[in-house]
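Visitor: Provided below are the primary sequence and the corresponding predicted coordinates.
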Amino acid sequence: MPLKQLYTTTIGCQMNVYDARQMAGVLAPLGYAKTDAIETADLIVVNTCTIREKAEQKAFSFLGRLAKYKEANPNLIVAVGGCVAQQEGKAILKRVSHVDLVFGTHAIFRLPELIRKIEETRCRLVDVRLSDTLEQDPLISAPVAEGEISTFVTIMRGCDNYCTYCVVPHVRGREASRHPDRILEEIRIQVDNGIREVTLLGQNVNSYGNKEGLCSFVQLLEQINDIPNLERIRFTTSHPKDLSPELIKAFGRLEKLCHHIHLPVQSGDDVILKRMNRRYTRSLYLEKIEKLRESCPDIGITSDFIVGFPGETHEQFEATCTLIETVRYDGLFAFMYSDRPGAPAAAFSDKISESVKKLRLQTLLDLQADITAQKYQAMVGQCHPVLVEGTSRFLETDTTPGVKVDDACDLVQWTGRTSANHIVHFPEKAAEAGKSPLTGTLATIRIGGVHAHSLWGRRVSNNEVR
């Protein structure tokens, strides 16, 4: 079958990245091969996100720029998938005249049938059907790119929590878990193809398997931990209300489970948390943080925050700041609240002005930047195993302290992450790098200094570690 060119662009979360790989996998039997050249594409898929207004705007802006390609090639198929597609449905066809297909978050495995029909009839289609169960779970293991050592694997989809600011249950459907055998098989195939680190994805991985009577999330982690040649396991996202004592203890006993947890809190004030329908309190959250650090003293903790939620007072925002000071996160993601269609909070009347939201966001980010800098500085002199992800660029002596100008031309900069998810750069002589590729290996790095968002150091041998 002659190859046709598939161009994909993905906006949003890691789950969208995984979905994009699934799309490429299901379209391969139709003769589609991925390309980075959008101008030669026969099929363009825009994988969208609607969790925040800015992401939705970005999607429609990109779609608008595709008109020139459709004009140059009338046979080009333009498809829109993901959460915006699920939310807007056929309205996208009215808004963007050169879009041929709108397919929802549950239509990925129906994509070949939809594309084939468009190829044959040149019709315009919409498929945004949702299901409360996993109707099918074919094993689509997309090829591993050269040098790729880390990948995502979705273990469940949808959400049953219905936070008042969030549209995920409406665009991703109700919570449904994949069978552990399928997950394990997919990971084993990826490991056989060179993957050394896997990140398990779900809107709330802590509740994996509960509805279906499958194994618990911790039991799934235990089985993945036994897969030969897999070095590291990560997961996201973990809902605080469902963070179990068993999962907390797992950080201290499963050797492949990375010492990092992303535990979104959203606010440090109990009234706002209740209004968000988060179903935990500040004190319960802090109690779980304390138990995590008891189980795994060097655990890295990151979080999500929303500033300017409707009705948030100055005092309630200050409670969020004091929570950050108390926990001392390794990093965080913070966003200004924005109304999302269908989310209950969109109907709340006591909105916060854009100017106040911007000020609060910057205050929060500045606070965390100071904490991160202090935590990074405390790591100087320590040795950490780093899973090497590859080379980033040739060293620049003005941004890499300790490198002499005369030596810079002989050095290559390698990049990886610690178990706690800190980015680390380190130099190696180019000749040595060529003789002994480090990608996918664990290198012990003594931290020598800090950049704004990462660390730098030198590789050391085991007998140098003390």
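Guide: Thanks, I have the structure now.
Visitor: counting contacts, what elements does the host helix or strand of Gln374 pack onto?
Guide: Using DSSP states H and E, Gln374 falls within helix 354-378. If you count contacts as 3 or more Cβ pairs under 8 Å, 6 or more residues apart in numbering; DSSP states H and E, helix 354-378 packs onto strand 300-307, helix 314-327, strand 331-336, strand 442-450. Every C-beta, even on glycine, is put in place using the N, C-alpha and C of the backbone.
Visitor: most tightly packed of these?
Guide: strand 300-307 (a mean of 21; mean count of other Cβ atoms under 10 Å).
Visitor: point out where the stretch 201-350 of the chain drops to low pLDDT.
Guide: Within the stretch 201-350 of the chain, no stretch has pLDDT under 70.
Visitor: all strands of it, in order?
Guide: Counting by DSSP state E, counting those that start in this stretch, the stretch 201-350 of the chain has strands at residues 232-236, 260-262, 300-307, 331-336.
Visitor: quick one: which of those strands is nearest Arg275?
Guide: Closest approach to Arg275 among the strands of the stretch 201-350 of the chain (Cβ to Cβ): strand 300-307, 11.2 Å.
Visitor: next, the angle helix 314-327 makes with that closest one.
Guide: Per axes from the mean of the first three to the mean of the last three Cα atoms, to 10 degrees, the angle that strand 300-307 makes with helix 314-327 is 170 degrees.
Visitor: now do strand 300-307 against strand 331-336, angle only.
Guide: Using the same axes, to 10 degrees: strand 300-307 against strand 331-336 is 10 degrees.
Visitor: tell me what strand 300-307 is packed against?
Guide: strand 260-262, helix 314-327, strand 331-336, helix 354-378.
Visitor: can you list the neighbours in contact with that strand?
Guide: Residues from elsewhere that reach strand 300-307, judged by Cβ atoms under 8 Å, 6 or more residues apart in numbering: 165, 259-267, 276, 289, 292, 317, 320, 324, 327, 329-337, 357, 360-361, 364, 418-422.
Visitor: in the sheet, who's paired with the nearest residue to Thr236 once chain neighbours are set aside?
Guide: Once flanking residues are discounted, Thr236 sits nearest to His262: 4.9 Å by Cβ to Cβ, 6 or more residues apart in numbering. Beta bridges link His262 to Thr302, judged by DSSP bridges.
Visitor: OK, contacts around His262?
Guide: So His262 contacts Thr236, Thr237, Ser238, Thr302, Ser303, Asp304 (Cβ under 8 Å, 6+ apart).
Visitor: now render the strands of the stretch 201-350 of the chain as TSV, adding distance to Val388.
Guide: As requested, these are arranged in TSV below (distance: least, Cβ to Cβ, whole Å):
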stretch	distance to Val388
strand 232-236	12
strand 260-262	17
strand 300-307	18
strand 331-336	21
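Visitor: gap between Thr320 and Ala369?
Guide: 16 Å (Cβ to Cβ, to the nearest Å).
Visitor: ok, Ala24 next?
Guide: With Cβ to Cβ as the criterion, Ala24 and Ala369 are 37 Å apart.
Visitor: who has more neighbours, those two?
Guide: Ala24 (18 against 13; other Cβ atoms under 10 Å).
Visitor: picking up where we left off before, beyond the helix holding Gln374, next helix or strand please.
Guide: Toward the C-terminus, helix 354-378 is succeeded by strand 383-394 as the next helix or strand (DSSP H and E).
Visitor: and the angle from that following strand to strand 442-450?
Guide: Going by the same axes, to 10 degrees, strand 383-394 makes 80 degrees with strand 442-450.
Visitor: buried ones in strand 383-394, by neighbour count?
Guide: Cys383, His384, Pro385, Val386, Leu387, Val388, Glu389, Thr391 (16 or more other Cβ atoms under 10 Å).
Visitor: quick one: strands adjacent to it?
Guide: Strand 383-394 has these strand partners (DSSP bridges): strand 411-417 (antiparallel), strand 442-450 (antiparallel).
Visitor: give me the mean pLDDT for the helix or strand just after the shortest one.
Guide: With elements assigned by DSSP H and E, the helix or strand that comes after strand 411-417 is strand 423-429. For strand 423-429, the per-residue pLDDT values average out at 91.
Visitor: contact partners of strand 423-429?
Guide: Strand 423-429 is contacted by residues 384, 386, 392, 395, 400, 403, 410-418, 438, 443, 445, 447, 451, 453-459 when judged by Cβ under 8 Å, 6+ apart.
Visitor: sorry, back to before: for Val191, find the nearest of the strands of the stretch 201-350 of the chain.
Guide: That would be strand 232-236 among the strands of the stretch 201-350 of the chain, by Cβ to Cβ, at 11.3 Å.
Visitor: report all helices and strands that that closest one contacts.
Guide: strand 197-201, helix 217-225.
Visitor: what sits up against that strand?
Guide: So strand 232-236 is in contact with 14, 196-202, 205, 221, 224-225, 254, 256-258, 260, 262, 387, 419, 421, going by Cβ under 8 Å, 6+ apart.
Visitor: ok so, going back, distance to Ala41 added to the helices and strands packed on helix 354-378, as CSV?
Guide: Formatted as CSV, the helices and strands packed on helix 354-378 follow (distance: least, Cβ to Cβ, whole Å):
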stretch, distance to Ala41
strand 300-307, 34
helix 314-327, 44
strand 331-336, 32
strand 442-450, 39
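Visitor: right, and those - which one's nearest Lys94?
Guide: Of the helices and strands packed on helix 354-378, the one closest to Lys94 (Cβ to Cβ) turns out to be strand 331-336, at 29.4 Å.
Visitor: what about burial for the contacts of strand 232-236, which qualify?
Guide: Buried members of the contacts of strand 232-236, counted by 16+ other Cβ under 10 Å: 196-202, 205, 221, 224, 254, 256-258, 260, 262, 387, 419, 421.
Visitor: what's the neighbour count on the spatially closest residue to Asp242 that is not a sequence neighbour?
Guide: Computed as Cβ to Cβ, 6+ apart, the closest residue to Asp242 that is not its neighbour in sequence is Asn206, at 3.6 Å. Residues within reach of Asn206, counting by other Cβ under 10 Å, total 20.
Visitor: then Asn204?
Guide: 20.
Visitor: now Ser355
Guide: 8.
Visitor: please report how far it lies from Leu361.
Guide: Applying Cβ to Cβ to Ser355 and Leu361 gives a distance of 11 Å.
Visitor: same question, Tyr165
Guide: From Tyr165 to Leu361 the distance is 15 Å (Cβ to Cβ).
Visitor: with just CA atoms, put the helix or strand that Tyr7 is a member of into PDB.
Guide: Assessed by DSSP H and E, Tyr7 sits inside strand 4-10. C-alpha atoms of strand 4-10 as PDB (Å, rounded to 0.1, in the frame of the first residue of the first chain):
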ATOM      1  CA  LYS A   4       0.300   8.600   2.900                       C
ATOM      2  CA  GLN A   5       1.600  11.300   5.100                       C
ATOM      3  CA  LEU A   6       0.100  11.900   8.600                       C
ATOM      4  CA  TYR A   7       0.900  15.100  10.500                       C
ATOM      5  CA  THR A   8      -0.300  15.400  14.100                       C
ATOM      6  CA  THR A   9      -0.100  18.300  16.500                       C
ATOM      7  CA  THR A  10      -0.900  17.800  20.200                       C
END
